[in-house]
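>>> sequence plus predicted model, see below.
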Amino acid sequence: MKYDIAAKVVIDIAKTAILKRFLQMDADEIYFIEDLPEESPSLRRSDFPLRVSVKNGYNLIVLIEIQTVFNQDFVLRLIDYTVRFKLKYHLRIIPLTLLLTPSQQATGFYEDDILTFRYQLVRFWEEEASNFLDETTLYPFLPLMNGGEKLIDEIDRNIYGDTKISIEQKADLLTATAIFTGLKDKQLASELIKRRRDIMIESPIYELIKEEGKLEGRMEGKIEGKIEGKIEGKVEGLQEAISLGLELKFGVDALTLMEKVQRIGSIEKLEKIKESIRKAERIEEVEKLM
């Protein structure tokens with residue numbers, strides 16, 4: 001989720017550069033389409049639909065979609081978005097997908113026994129980061145590209161020192177850069193956050209970094225608690241089952257083993273003992289496993 005949100009913030013800042021560098025499109029005017037063609041509130045929304053007027057006056061719609069991890073269901077949703085916009089606006093529709101992590105399945109082409117569908121696809125890991133150093137607004141995507149991690153210091157300096165962009169945009173770009181760097185190298189991302197926290201706190205998406213840290217701490221504790229609780233509960237349940245099984249099968253003779261059973265904390269060992277009770281003919285056969 002945080003990657004999608006960070007990408008949307010970057011797209012809002014970098015939409016002109018995205019159209020130019022990934023679609024070779026010189027846009028004269030770009031409008032974000034807010035009145036989306038949906039039939040009910042339950043339908044999913046397209047990530048970033050843009051109405052674009054190119055320099056010769058030609059109008060079209062570009063659907064920019066962000067995908068962290070690729071799957072075929074995403075392509076079906078993209079087909080759905082494309083058809084809905086086509087039906088409503090009757091303009092040329094260009095679906096453009098920005099794929100953040102590597103996938104061999106992502107080809108820009110989908111075909112089954114009914115449909116054939118093509119979409120523009122940016123596979124960031126195949127792009128050379130050094131080729132985009134002239135586009136400051138695209139810097140957050142550079143860590144996802146080939147050789148991008150080696151340029152983090154240069155990316156940081158260039159964003160921080162760019163006098164053409166506002167302090168708010170610098171905060172957004174630096175924060176998004178840190179978030180995407182984390183997909184490749186969490187330590188490198190952490191170093192960037194520490195170095196530029198003073199400006200990153202101006203960005204709304206910086207809250208994602210703070211919340212993730214809190215969430216990870218809460219989830220780690222919650223998961224560990226649940227695991228410990230489940231293990232403890234299962235051990236107690238097995239101990240009770242074994243005690244009952246021994247008593248039912250061997251009567252008062254089983255009382256001598258009850259204390260030993262209570263001292264066993266291994267689920268695997270308790271399960272073996274429980275299974276042995278059913279097969280054992282003498283209590284000594286069970287006792288050997290304790």
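Yep, that arrived.
>>> hey, let's count contacts and neighbours off CA atoms from now on
Fine.
>>> so where is the stretch 101-250 of the chain shaky, pLDDT-wise?
208-233, 247-248 (pLDDT under 70).
>>> where do the strands sit along it?
Using DSSP state E, counting those that start in this stretch, the strands of the stretch 101-250 of the chain run over residues 109-111, 116-118, 120-123.
>>> the last one pairs with which strands, parallel or anti?
This points to strand 120-123. strand 92-99 (parallel) (DSSP bridges).
>>> what is the mean pLDDT for the strand it pairs with?
Averaged across strand 92-99, the pLDDT comes to 96.
>>> rewinding a little: kindly reformat the strands of the stretch 101-250 of the chain as a markdown table and extend each row with mean neighbour count and distance to Leu244.
Below are the strands of the stretch 101-250 of the chain laid out as a markdown table (neighbours: other CA atoms under 10 Å; distance: least, CA to CA, whole Å):
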| stretch | mean neighbour count | distance to Leu244 |
| --- | --- | --- |
| strand 109-111 | 12 | 60 |
| strand 116-118 | 13 | 64 |
| strand 120-123 | 18 | 61 |
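>>> so which of those strands comes closest to Lys20?
strand 120-123 (12.9 Å; CA to CA).
>>> quick one: contacts of the closest one?
Contacts with strand 120-123, where a contact means CA atoms under 8 Å, 6 or more residues apart in numbering, come from 22, 94-102, 106-108.
>>> which among those count as buried?
94-101, 106, 108 (16 or more other CA atoms under 10 Å).
>>> among these, which two are most distant?
Within the buried ones among the contacts of strand 120-123, Ile94 and Thr101 form the most distant pair, 21.6 Å apart (CA to CA).
>>> and the helices in this structure?
Along the chain, counting by DSSP state H, helices occupy 2-23, 72-89, 152-161, 167-184, 186-200, 206-250, 255-263, 267-279, 283-287.
>>> please name whichever of those is nearest to Glu65.
Closest to Glu65 of these is helix 72-89 (CA to CA; 8.1 Å).
>>> mind listing what's buried in that closest one?
Using 16+ other CA under 10 Å as the test for burial, helix 72-89 gives 75, 78-79, 81-82, 84-86.
>>> now for that helix, which elements pack on it?
If you count contacts as 3 or more CA pairs under 8 Å, 6 or more residues apart in numbering; DSSP states H and E, helix 72-89 packs onto strand 92-99.
>>> how far does the strand it packs on sit from its chain's centre?
20 Å (CA atoms, centre = their mean, to the nearest Å).
>>> can you name the residues in contact with that strand?
Under CA under 8 Å, 6+ apart, the answer for strand 92-99 is 59-70, 78, 82, 85-86, 119-124.
>>> got it, and stretch 277-290?
Residues outside stretch 277-290 that contact it (CA under 8 Å, 6+ apart): 242, 245-246, 249-250, 253-254, 257, 260-261, 264, 269, 272-273, 276.
>>> run a quick neighbour tally on the nearest residue to Tyr139 once chain neighbours are set aside.
The shortest distance from Tyr139 to any non-neighbouring residue, by CA to CA, 6 or more residues apart in numbering, is to Ile155 (6.4 Å). Using other CA atoms under 10 Å, Ile155 has 22 other residues around it.
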